[in-house]
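Student: sequence plus predicted model, see below.
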Amino acid sequence: MKKYAYILILALGQVCFCQNPKTEKTDSLLTVLKSRIADTTRCSVYNQISNFYLYTNIDEGLSYANKGLVLAKKINWTKGIGLSNLNLSKHEMSKGNFDISAKYLRIAEALFIENSDTYNLGNVYNQFGILNANKGKFPEALENFFKSLKNFENTKGKNTKLNIANIYQNIANIYSATENFEKSVTNYNKAIALFGELKDQQTSLAMNIASKGMVFQKQKKYELAIQTLLSAERILINLKEKFMLAFVSSWLGSAYLSAEKYDLSLRYSKESLETITQMGDQVLTAATIQNIGYAYLKKGIRANSNADVELGFENLSKSLQMNKKS
(Lines give C-alpha, C1' and ligand atoms only; values in the text may rest on other atoms or scores of the structure.)
Protein backbone atom coordinates (compact mmCIF):
# COMPACT_ATOMS: atom_id res chain seq x y z
CA MET A 1 0.00 0.00 0.00
CA LYS A 2 1.13 3.54 -0.64
CA LYS A 3 1.87 5.77 2.32
CA TYR A 4 -1.36 7.75 1.97
CA ALA A 5 -3.37 4.54 2.11
CA TYR A 6 -1.54 3.66 5.28
CA ILE A 7 -2.55 6.93 6.91
CA LEU A 8 -6.19 6.84 5.90
CA ILE A 9 -7.18 3.21 5.77
CA LEU A 10 -6.03 2.65 9.28
CA ALA A 11 -8.22 5.54 10.33
CA LEU A 12 -11.28 4.72 8.28
CA GLY A 13 -11.37 1.06 8.86
CA GLN A 14 -10.62 1.31 12.56
CA VAL A 15 -8.32 -1.63 12.07
CA CYS A 16 -8.26 -3.95 15.05
CA PHE A 17 -5.66 -6.66 14.56
CA CYS A 18 -7.19 -8.79 17.29
CA GLN A 19 -8.97 -11.02 14.77
CA ASN A 20 -11.23 -13.17 16.94
CA PRO A 21 -14.29 -10.85 16.98
CA LYS A 22 -14.23 -10.52 13.20
CA THR A 23 -13.61 -14.22 12.69
CA GLU A 24 -16.61 -15.08 14.87
CA LYS A 25 -18.77 -12.60 12.98
CA THR A 26 -17.67 -13.96 9.62
CA ASP A 27 -18.31 -17.54 10.76
CA SER A 28 -21.83 -16.61 11.87
CA LEU A 29 -22.52 -14.95 8.51
CA LEU A 30 -21.26 -18.01 6.66
CA THR A 31 -23.66 -20.09 8.73
CA VAL A 32 -26.52 -17.78 7.71
CA LEU A 33 -25.71 -18.45 4.04
CA LYS A 34 -26.39 -22.16 4.59
CA SER A 35 -29.96 -21.45 5.65
CA ARG A 36 -32.99 -20.59 3.53
CA ILE A 37 -33.04 -16.81 3.27
CA ALA A 38 -34.41 -14.22 0.86
CA ASP A 39 -32.19 -13.31 -2.08
CA THR A 40 -31.85 -9.72 -0.90
CA THR A 41 -30.71 -10.94 2.51
CA ARG A 42 -28.24 -13.34 0.88
CA CYS A 43 -26.85 -10.50 -1.22
CA SER A 44 -26.44 -8.33 1.88
CA VAL A 45 -24.63 -11.14 3.70
CA TYR A 46 -22.26 -11.62 0.75
CA ASN A 47 -21.36 -7.93 1.00
CA GLN A 48 -20.97 -7.99 4.77
CA ILE A 49 -18.53 -10.89 4.47
CA SER A 50 -16.71 -9.06 1.68
CA ASN A 51 -16.30 -6.04 3.93
CA PHE A 52 -14.92 -8.14 6.80
CA TYR A 53 -12.22 -9.52 4.51
CA LEU A 54 -10.99 -6.05 3.52
CA TYR A 55 -7.90 -6.13 5.77
CA THR A 56 -7.29 -9.86 5.90
CA ASN A 57 -7.95 -11.49 2.52
CA ILE A 58 -8.54 -9.26 -0.49
CA ASP A 59 -9.13 -12.12 -2.91
CA GLU A 60 -11.85 -13.60 -0.69
CA GLY A 61 -13.34 -10.14 -0.30
CA LEU A 62 -13.48 -9.68 -4.06
CA SER A 63 -15.02 -13.13 -4.46
CA TYR A 64 -17.90 -12.38 -2.09
CA ALA A 65 -18.47 -8.91 -3.55
CA ASN A 66 -18.74 -10.51 -7.00
CA LYS A 67 -21.18 -13.12 -5.67
CA GLY A 68 -23.27 -10.27 -4.30
CA LEU A 69 -23.12 -8.44 -7.62
CA VAL A 70 -24.19 -11.48 -9.66
CA LEU A 71 -27.14 -12.15 -7.36
CA ALA A 72 -28.19 -8.50 -7.15
CA LYS A 73 -28.24 -8.22 -10.94
CA LYS A 74 -30.18 -11.47 -11.20
CA ILE A 75 -32.95 -10.15 -8.93
CA ASN A 76 -32.59 -6.59 -10.23
CA TRP A 77 -31.93 -5.18 -6.74
CA THR A 78 -30.44 -1.73 -7.27
CA LYS A 79 -29.17 -1.26 -3.73
CA GLY A 80 -27.43 -4.64 -3.80
CA ILE A 81 -25.73 -3.75 -7.08
CA GLY A 82 -24.53 -0.51 -5.51
CA LEU A 83 -23.24 -2.21 -2.36
CA SER A 84 -21.36 -4.82 -4.37
CA ASN A 85 -19.71 -2.17 -6.53
CA LEU A 86 -18.74 -0.24 -3.41
CA ASN A 87 -17.06 -3.32 -1.93
CA LEU A 88 -15.33 -4.14 -5.21
CA SER A 89 -13.98 -0.60 -5.18
CA LYS A 90 -12.56 -0.98 -1.66
CA HIS A 91 -10.71 -4.17 -2.48
CA GLU A 92 -9.37 -2.92 -5.81
CA MET A 93 -8.06 0.19 -4.09
CA SER A 94 -6.30 -1.98 -1.50
CA LYS A 95 -4.58 -3.73 -4.41
CA GLY A 96 -3.50 -0.36 -5.80
CA ASN A 97 -5.86 -0.55 -8.79
CA PHE A 98 -7.08 3.02 -8.46
CA ASP A 99 -8.68 3.41 -11.90
CA ILE A 100 -10.69 0.20 -11.49
CA SER A 101 -11.67 1.29 -7.98
CA ALA A 102 -12.92 4.64 -9.29
CA LYS A 103 -14.97 2.90 -12.00
CA TYR A 104 -16.83 0.82 -9.42
CA LEU A 105 -17.35 3.87 -7.21
CA ARG A 106 -18.93 5.88 -10.01
CA ILE A 107 -21.38 3.04 -10.68
CA ALA A 108 -22.30 2.85 -6.98
CA GLU A 109 -22.64 6.65 -6.76
CA ALA A 110 -25.11 6.80 -9.67
CA LEU A 111 -27.23 4.01 -8.20
CA PHE A 112 -27.37 5.52 -4.70
CA ILE A 113 -28.20 8.97 -6.09
CA GLU A 114 -31.04 7.37 -8.07
CA ASN A 115 -32.40 5.86 -4.84
CA SER A 116 -31.74 8.93 -2.64
CA ASP A 117 -29.67 6.68 -0.36
CA THR A 118 -27.82 9.26 1.73
CA TYR A 119 -26.22 6.67 4.01
CA ASN A 120 -24.50 4.76 1.22
CA LEU A 121 -23.69 7.98 -0.64
CA GLY A 122 -21.82 8.94 2.52
CA ASN A 123 -19.88 5.70 2.23
CA VAL A 124 -19.18 6.28 -1.47
CA TYR A 125 -17.83 9.81 -0.98
CA ASN A 126 -15.83 8.56 1.97
CA GLN A 127 -14.24 6.00 -0.35
CA PHE A 128 -13.65 8.64 -3.03
CA GLY A 129 -11.83 10.63 -0.35
CA ILE A 130 -9.56 7.69 0.48
CA LEU A 131 -8.92 7.11 -3.21
CA ASN A 132 -7.94 10.71 -3.89
CA ALA A 133 -5.76 10.80 -0.78
CA ASN A 134 -3.94 7.71 -2.04
CA LYS A 135 -3.29 9.58 -5.28
CA GLY A 136 -2.01 12.61 -3.37
CA LYS A 137 -4.99 14.72 -4.46
CA PHE A 138 -5.66 16.24 -1.06
CA PRO A 139 -8.00 19.12 -2.05
CA GLU A 140 -10.21 16.63 -3.89
CA ALA A 141 -10.06 14.25 -0.92
CA LEU A 142 -11.18 17.00 1.43
CA GLU A 143 -14.08 17.86 -0.87
CA ASN A 144 -15.11 14.18 -0.90
CA PHE A 145 -14.95 13.90 2.89
CA PHE A 146 -17.07 17.01 3.38
CA LYS A 147 -19.65 15.62 0.92
CA SER A 148 -19.60 12.38 2.90
CA LEU A 149 -20.07 14.30 6.14
CA LYS A 150 -23.07 16.17 4.74
CA ASN A 151 -24.72 12.91 3.67
CA PHE A 152 -24.15 11.24 7.03
CA GLU A 153 -25.52 14.31 8.83
CA ASN A 154 -28.70 13.92 6.76
CA THR A 155 -29.01 10.23 7.69
CA LYS A 156 -30.79 8.99 10.78
CA GLY A 157 -29.71 5.71 12.34
CA LYS A 158 -27.73 4.04 15.07
CA ASN A 159 -24.42 4.37 13.21
CA THR A 160 -24.73 8.07 12.44
CA LYS A 161 -22.47 9.22 15.27
CA LEU A 162 -19.83 6.63 14.39
CA ASN A 163 -19.86 7.54 10.70
CA ILE A 164 -19.52 11.24 11.43
CA ALA A 165 -16.68 10.54 13.86
CA ASN A 166 -14.84 8.58 11.16
CA ILE A 167 -15.21 11.43 8.69
CA TYR A 168 -13.90 14.02 11.16
CA GLN A 169 -10.95 11.69 11.65
CA ASN A 170 -10.26 11.53 7.92
CA ILE A 171 -10.58 15.29 7.53
CA ALA A 172 -8.09 15.67 10.38
CA ASN A 173 -5.72 13.24 8.65
CA ILE A 174 -5.79 15.29 5.45
CA TYR A 175 -5.15 18.54 7.32
CA SER A 176 -2.26 16.87 9.13
CA ALA A 177 -0.76 15.60 5.87
CA THR A 178 -1.02 19.09 4.35
CA GLU A 179 0.41 20.73 7.52
CA ASN A 180 -2.75 22.65 8.37
CA PHE A 181 -2.20 21.71 11.98
CA GLU A 182 -4.77 23.89 13.74
CA LYS A 183 -7.61 22.54 11.60
CA SER A 184 -6.22 19.04 12.05
CA VAL A 185 -6.35 19.31 15.85
CA THR A 186 -9.84 20.82 15.70
CA ASN A 187 -11.16 17.89 13.69
CA TYR A 188 -9.36 15.29 15.80
CA ASN A 189 -11.04 16.86 18.84
CA LYS A 190 -14.44 16.52 17.16
CA ALA A 191 -13.73 12.87 16.41
CA ILE A 192 -12.44 12.25 19.93
CA ALA A 193 -15.59 13.74 21.46
CA LEU A 194 -17.84 11.47 19.39
CA PHE A 195 -15.74 8.32 19.84
CA GLY A 196 -15.70 9.03 23.56
CA GLU A 197 -19.50 8.76 23.62
CA LEU A 198 -19.41 5.30 21.99
CA LYS A 199 -18.55 2.53 24.45
CA ASP A 200 -17.36 0.10 21.77
CA GLN A 201 -15.04 2.60 20.04
CA GLN A 202 -12.34 3.04 22.67
CA THR A 203 -9.63 1.86 20.27
CA SER A 204 -10.64 4.53 17.78
CA LEU A 205 -10.71 7.04 20.62
CA ALA A 206 -7.14 6.14 21.57
CA MET A 207 -5.85 6.25 17.99
CA ASN A 208 -7.36 9.70 17.41
CA ILE A 209 -5.73 10.94 20.60
CA ALA A 210 -2.44 9.45 19.40
CA SER A 211 -2.84 11.04 15.96
CA LYS A 212 -3.38 14.39 17.63
CA GLY A 213 -0.16 13.78 19.56
CA MET A 214 1.67 13.31 16.26
CA VAL A 215 0.36 16.67 15.08
CA PHE A 216 1.80 18.26 18.23
CA GLN A 217 5.13 16.64 17.40
CA LYS A 218 5.02 18.13 13.90
CA GLN A 219 4.43 21.50 15.58
CA LYS A 220 7.54 20.85 17.72
CA LYS A 221 5.43 20.82 20.87
CA TYR A 222 7.32 17.76 22.03
CA GLU A 223 6.25 17.56 25.68
CA LEU A 224 2.60 18.02 24.73
CA ALA A 225 3.01 15.37 22.04
CA ILE A 226 4.50 12.91 24.54
CA GLN A 227 1.81 13.49 27.15
CA THR A 228 -0.93 13.08 24.53
CA LEU A 229 0.60 9.85 23.22
CA LEU A 230 0.97 8.52 26.76
CA SER A 231 -2.74 9.11 27.38
CA ALA A 232 -3.51 7.06 24.24
CA GLU A 233 -1.12 4.38 25.45
CA ARG A 234 -2.96 4.05 28.77
CA ILE A 235 -6.27 3.41 27.01
CA LEU A 236 -4.75 0.77 24.74
CA ILE A 237 -3.00 -0.98 27.63
CA ASN A 238 -6.35 -1.27 29.43
CA LEU A 239 -7.92 -2.62 26.25
CA LYS A 240 -5.01 -5.05 25.71
CA GLU A 241 -4.80 -3.82 22.13
CA LYS A 242 -1.36 -5.23 21.31
CA PHE A 243 -1.10 -4.13 17.70
CA MET A 244 -2.50 -0.64 18.04
CA LEU A 245 -0.25 -0.22 21.08
CA ALA A 246 2.72 -1.04 18.84
CA PHE A 247 1.85 1.89 16.58
CA VAL A 248 1.63 4.27 19.52
CA SER A 249 4.86 2.94 21.05
CA SER A 250 6.65 3.56 17.76
CA TRP A 251 5.27 7.09 17.65
CA LEU A 252 6.38 7.63 21.25
CA GLY A 253 9.84 6.50 20.23
CA SER A 254 9.80 9.18 17.55
CA ALA A 255 8.49 11.86 19.92
CA TYR A 256 11.09 11.09 22.58
CA LEU A 257 13.77 11.22 19.88
CA SER A 258 12.62 14.69 18.87
CA ALA A 259 12.69 15.71 22.55
CA GLU A 260 16.29 14.38 22.78
CA LYS A 261 15.32 11.78 25.41
CA TYR A 262 17.26 9.00 23.75
CA ASP A 263 16.95 6.21 26.31
CA LEU A 264 13.16 6.55 26.36
CA SER A 265 13.14 6.73 22.57
CA LEU A 266 15.08 3.46 22.37
CA ARG A 267 12.83 1.81 24.94
CA TYR A 268 9.59 2.58 23.11
CA SER A 269 10.96 1.96 19.62
CA LYS A 270 12.38 -1.43 20.62
CA GLU A 271 9.16 -2.39 22.42
CA SER A 272 7.15 -1.77 19.27
CA LEU A 273 9.54 -3.27 16.72
CA GLU A 274 8.79 -6.99 17.12
CA THR A 275 5.03 -6.52 16.87
CA ILE A 276 5.29 -4.10 13.94
CA THR A 277 7.55 -6.54 12.11
CA GLN A 278 4.96 -9.30 12.65
CA MET A 279 2.33 -7.07 11.09
CA GLY A 280 4.38 -6.86 7.89
CA ASP A 281 4.15 -3.07 7.71
CA GLN A 282 7.43 -2.33 5.93
CA VAL A 283 7.04 1.45 6.05
CA LEU A 284 6.49 1.64 9.81
CA THR A 285 9.12 -1.04 10.47
CA ALA A 286 11.73 0.91 8.51
CA ALA A 287 10.75 4.16 10.27
CA THR A 288 11.02 2.53 13.69
CA ILE A 289 14.45 1.07 12.92
CA GLN A 290 15.49 4.49 11.65
CA ASN A 291 14.42 6.05 14.96
CA ILE A 292 16.47 3.43 16.81
CA GLY A 293 19.44 4.29 14.63
CA TYR A 294 19.20 8.01 15.23
CA ALA A 295 18.66 7.52 18.97
CA TYR A 296 21.81 5.37 19.26
CA LEU A 297 23.79 7.74 17.07
CA LYS A 298 22.84 10.90 18.96
CA LYS A 299 23.18 9.20 22.32
CA GLY A 300 26.63 7.96 21.30
CA ILE A 301 27.76 11.37 20.13
CA ARG A 302 26.52 12.95 23.37
CA ALA A 303 28.21 10.33 25.57
CA ASN A 304 31.27 9.90 23.31
CA SER A 305 30.39 6.19 22.98
CA ASN A 306 31.76 4.51 19.83
CA ALA A 307 29.65 1.41 20.52
CA ASP A 308 26.40 3.42 20.44
CA VAL A 309 27.52 5.32 17.35
CA GLU A 310 28.22 2.02 15.57
CA LEU A 311 24.79 0.68 16.58
CA GLY A 312 23.32 3.88 15.22
CA PHE A 313 24.91 3.50 11.80
CA GLU A 314 24.05 -0.20 11.74
CA ASN A 315 20.33 0.49 12.26
CA LEU A 316 20.28 3.46 9.88
CA SER A 317 21.84 1.29 7.17
CA LYS A 318 19.24 -1.42 7.78
CA SER A 319 16.42 1.12 7.57
CA LEU A 320 17.82 2.53 4.33
CA GLN A 321 17.92 -0.92 2.74
CA MET A 322 14.30 -1.57 3.78
CA ASN A 323 13.18 1.73 2.27
CA LYS A 324 14.86 0.85 -1.03
CA LYS A 325 12.92 -2.43 -1.17
CA SER A 326 9.52 -0.93 -0.29
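Tutor: Here it is on my side, so go on. Numbering: from 1, shown residues only.

Student: quick check: which ranges of the stretch 51-200 of the chain have low pLDDT?
Tutor: 55, 158 (pLDDT under 70).

Student: the helices in it, which residues?
Tutor: For the stretch 51-200 of the chain, the helices defined by DSSP state H, counting those that start in this stretch cover 58-74, 78-94, 98-114, 118-134, 138-153, 160-177, 181-196.

Student: in JSON lines, list these along with mean neighbour count and distance to residue 230.
Tutor: Glycine gets a C-beta too; all of them are placed from N, C-alpha and C. As requested, those are arranged in JSON lines below (neighbours: other CB atoms under 10 Å; distance: least, CB to CB, whole Å):
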{"stretch": "helix 58-74", "mean neighbour count": "19", "distance to residue 230": "35"}
{"stretch": "helix 78-94", "mean neighbour count": "24", "distance to residue 230": "32"}
{"stretch": "helix 98-114", "mean neighbour count": "18", "distance to residue 230": "37"}
{"stretch": "helix 118-134", "mean neighbour count": "23", "distance to residue 230": "28"}
{"stretch": "helix 138-153", "mean neighbour count": "19", "distance to residue 230": "29"}
{"stretch": "helix 160-177", "mean neighbour count": "23", "distance to residue 230": "19"}
{"stretch": "helix 181-196", "mean neighbour count": "19", "distance to residue 230": "15"}
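
Student: so which of those comes closest to residue 231?
Tutor: helix 181-196 (10.6 Å; CB to CB).

Student: give the next helix or strand downstream of that closest one.
Tutor: Next along the chain after helix 181-196, taking DSSP states H and E as the criterion, comes helix 202-218.

Student: that following helix versus helix 181-196: what angle between them?
Tutor: 160 degrees (axes from the mean of the first three to the mean of the last three CA atoms, to 10 degrees).

Student: elements contacting helix 202-218?
Tutor: helix 3-13, helix 160-177, helix 181-196, helix 222-239, helix 242-258 (3 or more CB pairs under 8 Å, 6 or more residues apart in numbering; DSSP states H and E).

Student: any chance of a markdown table for those helices, columns distance to residue 210?
Tutor: Formatted as a markdown table, the helices and strands packed on helix 202-218 follow (distance: least, CB to CB, whole Å):
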| stretch | distance to residue 210 |
| --- | --- |
| helix 3-13 | 11 |
| helix 160-177 | 12 |
| helix 181-196 | 10 |
| helix 222-239 | 4 |
| helix 242-258 | 5 |
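
Student: what number of residues lie near residue 266?
Tutor: 20 (other CB atoms under 10 Å).

Student: any idea which element the nearest residue to it once chain neighbours are set aside lies in?
Tutor: Excluding its sequence neighbours, the residue lying closest to residue 266 (CB to CB, 6 or more residues apart in numbering) is residue 295, at 4.9 Å. Assessed by DSSP H and E, residue 295 sits inside helix 282-303.

Student: show the contacting residues for the closest residue to residue 236 other than its chain neighbours.
Tutor: Excluding the flanking residues, the one nearest residue 236 by CB to CB, 6+ apart is residue 245, at 4.4 Å. Applying CB atoms under 8 Å, 6 or more residues apart in numbering, we find residue 245 in contact with 233, 236, 237, 272, 275.

Student: and the last one, how far is that from residue 75?
Tutor: By that I understand residue 275. Plainly put, residue 275 is 45 Å away from residue 75 if you go by CB to CB, to the nearest Å.

Student: and if you look at the first one?
Tutor: Remark: distance between residue 233 and residue 75 (CB to CB) = 49 Å.

Student: looking at the helices of the stretch 51-200 of the chain, which is nearest to residue 311?
Tutor: Among the helices of the stretch 51-200 of the chain, helix 160-177 sits nearest to residue 311 (CB to CB), with 31.6 Å.

Student: how many degrees apart are the closest one and helix 202-218 in direction?
Tutor: Going by the same axes, to 10 degrees, helix 160-177 makes 20 degrees with helix 202-218.

Student: helices and strands around helix 160-177, which ones?
Tutor: So helix 160-177, by 3+ CB pairs under 8 Å, 6+ apart, packs with helix 3-13, helix 118-134, helix 138-153, helix 181-196, helix 202-218.

Student: if we can go back for a sec, so between residue 233 and residue 75, which is more surrounded?
Tutor: More neighbours surround residue 233 than the other of residue 233 and residue 75, with 21 against 13 (other CB under 10 Å).

Student: and that one, what is it in contact with?
Tutor: So residue 233 contacts 206, 210, 245, 248, 249, 252 (CB under 8 Å, 6+ apart).

Student: which one is the second one nearest to, not counting chain neighbours?
Tutor: What it means is residue 210. residue 232 (3.8 Å).

Student: that neighbour and residue 254, how far apart?
Tutor: 14 Å.

Student: again, but for residue 209
Tutor: In terms of CB to CB, residue 209 sits 16 Å off from residue 254.

Student: quick check, nearest of the contacts of residue 233 to residue 322?
Tutor: When these are compared against residue 322 (criterion: CB to CB), the nearest one is residue 249, at 18.6 Å.

Student: count the neighbours of that closest one for me.
Tutor: 23.

Student: and what of residue 27?
Tutor: Around residue 27 there are 10 residues (other CB under 10 Å).

Student: fine by me, thanks again.
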